[in-house]
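A.B. asks: Quick one: sequence plus predicted model below, questions after.
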Amino acid sequence: MKPNDALNFRKSRSFDCKRCGQHVETKEGELDRRTKFCSALCSRRYFRHPNKQR
Ligand SMILES: [Zn+2]
């Protein structure tokens, strides 16, 4: 990873979790690589069962 990419992760962002729909806001100055999911658990479950919805 380039140093510039890491810097971008330190900016505040907001998004909705692709799996559970939870609104997520990251804090400026904190390293946070989340861009689509509220947690690692959601990203793991999303990719494990991409077509299954309960
Ligand atoms: Zn989620």
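C.D. replies: Structure received.

A.B. asks: rest of the way, CA atoms for contacts and neighbours
C.D. replies: Will do.

A.B. asks: Which positions within the host helix or strand of R44 qualify as buried?
C.D. replies: Using DSSP states H and E, R44 maps to helix 40-48. Residues of helix 40-48 classed as buried by neighbour count (16 or more other C-alpha atoms under 10 Å): C42, S43, Y46.

A.B. asks: Any chance you could list what contacts stretch 35-48?
C.D. replies: F15, D16, C17, K18, R19, C20, Q22, H23, V24 (C-alpha atoms under 8 Å, 6 or more residues apart in numbering).

A.B. asks: are any of those residues buried, and which?
C.D. replies: F15, C17, R19, V24.

A.B. asks: On the three-state scheme, the residue most central in space within the chain is what?
C.D. replies: Closest to where the C-alpha atoms of the chain average out (C-alpha atoms, centre = their mean) is R34, at 2.6 Å. Under DSSP: H, G, I helix; E, B strand; the rest coil, R34 falls in the coil class.

A.B. asks: okay, it: pLDDT?
C.D. replies: Here the pLDDT value assigned to R34 is 90.

A.B. asks: any idea how far the ion is from it?
C.D. replies: Separation of R34 from the ion (C-alpha to the ion, to the nearest Å) stands at 11 Å.
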